[in-house]
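Participant: Pasting the sequence and the predicted model now:
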Amino acid sequence: MTNQRSFKTRVRARMEKTGESYTTARRHLINKATEPSPAPSPAPAAAQTERIANDLIRARTGRGWAEWFALLDATAATERTHTQIARHLVTEHDVTGWWSQTITVGYEQARGLRAPGQQRDGGFSAAASRTVAVPAARLYEAFADETARARWLPDVEVRVRTTTAPRTFRADWAGGPTRIVVGFDAVGESKARVSVLHEKLTGAEQAAELKAYWRERLAALKALLESNGDNR
């Protein structure tokens with residue numbers, strides 16, 4: 001009874017506002033109430049500096065985000081290409097390939113050269129990572145071995161491009177044109193971190209979808225490798 005009275009009050013309020021008849025105002029309110037809600041917009045991609053903690057960057061590379069940014073600013077890095085910045089970090093500062101890419105992306109985002117989730121050339125990518133209580137070699141095998149990969153990443157066509165055991169894995173995804181770049185980083189003797197970068201995406205919406213997908217798949221991989229079901 002209360003709901004019906006409330007609805008009639010809303011109808012009369014609309015009549016006063018629009019000059020419509022009771023029937024017309026009532027029909028508009030009913031139609032509006034039964035319209036499907038719009039799908040939520042994909043969550044914006046997080047910046048590299050939000051995804052990867054300053055303490056982790058320092059532990060793996062010897063410097064924190066602010067220190068790396070200041071160092072790159074001093075070399076006029078904003079005038080360099082992505083490849084040039086990453087190569088500089090490798091050759092001049094002994095940063096390993098995966099972490100040089102991580103720092104380069106973080107720097108480009110911080111200096112407005114690309115948006116989070118966007119490539120330097122204007123394309124988009126999605127990234128996800130997970131720490132798993134197995135050695136890096138086991139994580140690498142879960143990607144590189146077709147049978148092992150099918151246990152946690154089923155029904156996906158993956159065409160391997162290049163691999164460097166047990167550090168990197170690159171492959172075309174589902175026949176292209178997108179591709180994945182995967183890095184493996186030891187965290188002590190019995191733990192390792194896997195980081196996936198899914199490149200050449202069509203836009204922010206696809207990037208958000210694949211980011212959620214990879215989070216879910218890496219969680220499945222972690223559960224498999226850390227359970228008794230992984231009999232190796």
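Facilitator: Arrived safely, thanks for sending. Residues are numbered from 1 along each chain as shown.
Participant: in this protein, which spans are strands?
Facilitator: In the chain, the strands defined using DSSP state E lie at 124-132, 158-164, 168-173, 179-186, 192-201.
Participant: Turn those into TSV, columns for mean neighbour count.
Facilitator: Where C-beta positions appear, they are placed from N, C-alpha and C, glycine not excepted. Listed next are the strands of the chain as TSV, based on neighbours: other CB atoms under 10 Å:
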stretch	mean neighbour count
strand 124-132	21
strand 158-164	13
strand 168-173	19
strand 179-186	21
strand 192-201	21
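Participant: quick one: residue 71 and residue 61, what's the gap?
Facilitator: 11 Å (CB to CB, to the nearest Å).
Participant: Common neighbours of these two, please.
Facilitator: Common neighbours of residue 71 and residue 61 (criterion: CB atoms under 8 Å, 6 or more residues apart in numbering): residue 93.
Participant: Next up, the contacts around the nearest residue to residue 18 once chain neighbours are set aside.
Facilitator: Nearest non-adjacent residue to residue 18, counting by CB to CB, 6 or more residues apart in numbering: residue 25, 6.8 Å away. Residues near residue 25 by CB under 8 Å, 6+ apart: 11-12, 14-15, 18.
Participant: how does it look with 6 Å?
Facilitator: 11, 14-15 (CB atoms under 6 Å, 6 or more residues apart in numbering).
Participant: Where does the prediction get shaky in this structure?
Facilitator: Where the chain drops to pLDDT under 70, the residues are 1-7, 28-46, 116-122, 228-232.
Participant: Helices of that one, residue ranges please.
Facilitator: Assigned by DSSP state H, the helices in the chain fall at 2-18, 22-34, 48-51, 54-61, 65-74, 82-93, 97-110, 136-144, 146-150, 204-225.
Participant: Output those as JSON lines; include the columns distance to residue 193.
Facilitator: As requested, the helices of the chain are exported to JSON lines (distance: least, CB to CB, whole Å):
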{"stretch": "helix 2-18", "distance to residue 193": "54"}
{"stretch": "helix 22-34", "distance to residue 193": "48"}
{"stretch": "helix 48-51", "distance to residue 193": "12"}
{"stretch": "helix 54-61", "distance to residue 193": "9"}
{"stretch": "helix 65-74", "distance to residue 193": "18"}
{"stretch": "helix 82-93", "distance to residue 193": "19"}
{"stretch": "helix 97-110", "distance to residue 193": "10"}
{"stretch": "helix 136-144", "distance to residue 193": "8"}
{"stretch": "helix 146-150", "distance to residue 193": "18"}
{"stretch": "helix 204-225", "distance to residue 193": "10"}
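Participant: out of those helices, nearest to residue 192?
Facilitator: helix 136-144 (3.9 Å; CB to CB).
Participant: just the angle between the closest one and strand 168-173, please?
Facilitator: 10 degrees (axes from the mean of the first three to the mean of the last three CA atoms, to 10 degrees).
Participant: now for the helices of the chain, which one comes closest to residue 170?
Facilitator: It is, among the helices of the chain and with distance given as CB to CB, helix 136-144, at 9.9 Å.
Participant: which residues are contacting the closest one?
Facilitator: Contacts of helix 136-144 (CB under 6 Å, 6+ apart): 132, 148-149, 163, 165-166, 169, 182, 184, 186, 192, 194, 221.
Participant: could I get those as a markdown table with distance to residue 108?
Facilitator: Shown next, in a markdown table, are these (distance: CB to CB, whole Å):
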| residue | distance to residue 108 |
| --- | --- |
| 132 | 29 |
| 148 | 34 |
| 149 | 31 |
| 163 | 27 |
| 165 | 29 |
| 166 | 28 |
| 169 | 24 |
| 182 | 21 |
| 184 | 24 |
| 186 | 27 |
| 192 | 27 |
| 194 | 23 |
| 221 | 29 |
